[in-house]
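Enquirer: fold the following and give me the result.
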Amino acid sequence: MKKQLQKGFTLIELMIVVAIIGILAAIALPAYQDYIARTQAAESVVLLDGAKVSIETAVADDATAFPADVAALGTDLGVKLAGTYGTLSAAAPNGAVGAGTVTYTFAATTNPQVAGQTVQYARTVDGNGIGDWACNATANGGSLPAKLAPKGCN
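Expert: Numbering: from 1, shown residues only. As a prediction, this is how the structure comes out:
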């Protein structure tokens, strides 16, 4: 009697492969979602940096006050107000000439971890009129989870 050779895979071998793929997917998908959220959070810094440069230039050139609102930021200083994942949603003077805050708000259509959250740049002015910027992503006006905060933001 001739012995038949096995052709293909047994059911148990296929089930093991499917289980391994499931385990890898369970680990990879959350990590990928965090990666996407951090990438989307990075856009806030790009738009806020553009606003920061324009405000610094305006304050240095004309000793002007901080923009009164977002409309003034866009029309008077030519700052890009909207990005792919959100918009500059607020700009407000704060006390001394040249001091104030600019806020970026993520759109509802972004990753659920960042949707509706904010990142804020705040400019303070010392007694000598010298301005300093701080990026607030997790506190003092920002609401992002710490693990998603862009580099240089607290």
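Enquirer: so residue 38 touches residue 148, yeah?
Expert: Yes: counting by C-beta atoms under 8 Å, residue 38 touches residue 148, with 5.4 Å between them. Any C-beta I mention is one placed from the backbone N, CA and C, and that applies to glycine too.
Enquirer: which of the helices or strands spans residue 92?
Expert: Secondary structure assignment for residue 92, by DSSP states H and E: strand 86-93.
Enquirer: who are the packing partners of the helix or strand following that strand?
Expert: Later in the chain than strand 86-93, the nearest helix or strand by DSSP H and E is strand 100-106. When contacts are defined as 3 or more C-beta pairs under 8 Å, 6 or more residues apart in numbering; DSSP states H and E, strand 100-106 sits against helix 11-62, strand 86-93, strand 118-125.
Enquirer: switch the cut-off to 10 Å
Expert: Where contact means 3 or more C-beta pairs under 10 Å, 6 or more residues apart in numbering; DSSP states H and E, strand 100-106 is packed against helix 11-62, helix 70-75, strand 86-93, strand 118-125, strand 131-136.
Enquirer: may I see the buried residues of the strand holding residue 92?
Expert: Burial within strand 86-93, assessed by neighbour count using 16 or more other C-beta atoms under 10 Å, is assigned to 86-88, 90-91, 93.
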